[in-house]
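*Asks:* fold the following and give me the result.
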Amino acid sequence: MADPYATLGVARGASEADIKKAYRKLAKELHPDRNKDNPKASEHFSQVTSAYDLLTDKDKRARFDRGEIDGDGNPTAPFGFGGGGGPRPGGAGGGGFRSQGFEFGGEGADMSDIFEGLFGGRTGGGFASGFGRRGTPPQKGANTAYRLTVPFVDAATLAPQRVTLADGRTLDLKLPAGVETGTQMRLAGKGEAGPGGAGDAIVTIEVQPHRYFTRDGDDVRLDLPITLKEAVEGGKVKCPTVENPVMITVPAGSTSGKTLRLKGKGFHRKGGERGDQLVTLVVDVPAEDAALKAFVAGWTGGGNPRAAMGV
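*Replies:* Predicted coordinates:
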C-alpha cells in the first residue's frame, strides 16, 4: 500500500482535524454510491479508508512514523532482514547483510540456522536466539475495515446498529455519544485470524443526511412551515423531532426566521448531556387565495419593514 499520508494528500505532521477533513473530502468524491460505473474510484475509496484507519489510530500512526509497520499495518523486517524491498541501512539489496567482505544470508534465509551452525547447538538463549523467526512474536491477523451507514435519526438517538462481518456473522453495535461521520469503532478480535490471534474489525461510521433535519454541532435544526393565521394569532402546533412529535407554542406575531429552542432534543454529547433542536419558523403564504388577496388589497397597515435598512 502507498504511504497513507500521500493517499490522503496530507503532510506527515498533519493534525487529526486535517486528516479527518481530507478524508471526508475524498470519501465524498469517491463513495461507491456516486461512482457505480467506476470500479477504480471504488478501489481508491478503499485505499483512502484504509489510510484513514491507520492514521487515526494513534498507536499505529506512531509505529508507521517510526518505520515499524508499513502502510498496510504489517510489521516491517528489522535490520534489513527478510524478503522484498530495496537496500536497507547496513544491508544488502535482497535481504541478509554484508560485513567485512562476508555476505551472510540472502533472499529468505533463516539467520538463526546459520549462527547455530557456526556456534553449535540450539541453546535457546545464546547468540543465535536473537536472530530469525524465534525472536519475533507470532503476528496477529490483519485488521478488517468496514463502513457502516447510519440513518440520521439513529445517530441522534444512539439506536443500536447491526453489522455483518466478512465471515457472515452479525453483531449489534452500540453507537457512542458524539457519533458523527468519520467516527471509528474497534471490535477487538473480529478481524482476520493469525498465529498470534485475530486482528480487529475497524468500523467507520457514515451518518446519512435527513430530508428535514440538519446537524449543527450537537444541535439539530429544522425549518417548520406555519400558516399565516398561526403566525398572526399564535397557538400550538405539532413539530417533529428526532424521537417523537411534540407540541410547541408559536408566539403571536411570529415572522419567518424566528427560531424556537427545544432543550435536549439534539445529539448525545460525550459528557452525557444532549444538544437542542432549533426550530426556525417559515410562514407559508398561499399562492392563490381570493379572500387573502381581497384583505391585503384594502389593508394599509404593516408599515415599512425595511426602514431599518435605510430603504
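*Asks:* for this protein, which helix is longest?
*Replies:* Scanning the chain for the helix with the most residues, using DSSP state H, yields helix 39-55.
*Asks:* got the angle for whatever helix or strand comes next after that helix vs helix 39-55?
*Replies:* Using DSSP states H and E, the helix or strand that follows helix 39-55 towards the C-terminus is helix 58-65. If you take axes from the mean of the first three to the mean of the last three Cα atoms, to 10 degrees, helix 58-65 sits at 100 degrees to helix 39-55.
*Asks:* list the buried residues of helix 58-65.
*Replies:* 60-61, 63-64 (16 or more other Cβ atoms under 10 Å). In this view, the C-beta of every residue, glycine as well, is placed from N, C-alpha and C.
*Asks:* strands along this protein, start to end?
*Replies:* 97-99, 102-104, 144-150, 161-164, 170-173, 184-187, 201-207, 214-216, 219-227, 235-239, 246-250, 259-262, 277-284 (DSSP state E).
*Asks:* compare the ones you listed and give me the one nearest residue 56.
*Replies:* strand 184-187 (6.1 Å; Cβ to Cβ).
*Asks:* packing partners for that closest one?
*Replies:* Packed against strand 184-187 by the contact rule (3 or more Cβ pairs under 8 Å, 6 or more residues apart in numbering; DSSP states H and E) you find strand 201-207.
*Asks:* tell me which strands the strand it packs on pairs with, and in which orientation.
*Replies:* strand 144-150 (parallel), strand 184-187 (antiparallel) (DSSP bridges).
*Asks:* wait, which of the ones you listed is closest to residue 208?
*Replies:* strand 144-150 (5.8 Å).
*Asks:* could I get the closest one in PDB with only the CA atoms?
*Replies:* This file holds the C-alpha atoms of strand 144-150, laid out as PDB (Å, rounded to 0.1, in the frame of the first residue of the first chain):
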ATOM      1  CA  THR A 144     -10.500  -5.700   8.600                       C
ATOM      2  CA  ALA A 145     -12.100  -2.300   7.600                       C
ATOM      3  CA  TYR A 146     -15.900  -1.900   7.500                       C
ATOM      4  CA  ARG A 147     -18.100   1.100   6.600                       C
ATOM      5  CA  LEU A 148     -21.500   1.400   8.300                       C
ATOM      6  CA  THR A 149     -24.100   3.800   7.000                       C
ATOM      7  CA  VAL A 150     -26.300   5.000   9.900                       C
END
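*Asks:* ok so, going back, now the longest helix of the chain: how far from the chain's centre is it?
*Replies:* Taking the mean of its C-alpha atoms, helix 39-55 sits 12 Å from the chain's own mean (Cα atoms, centre = their mean, to the nearest Å).
*Asks:* quick one: mean pLDDT over that helix.
*Replies:* Taken as a whole, helix 39-55 has a mean pLDDT of 85.
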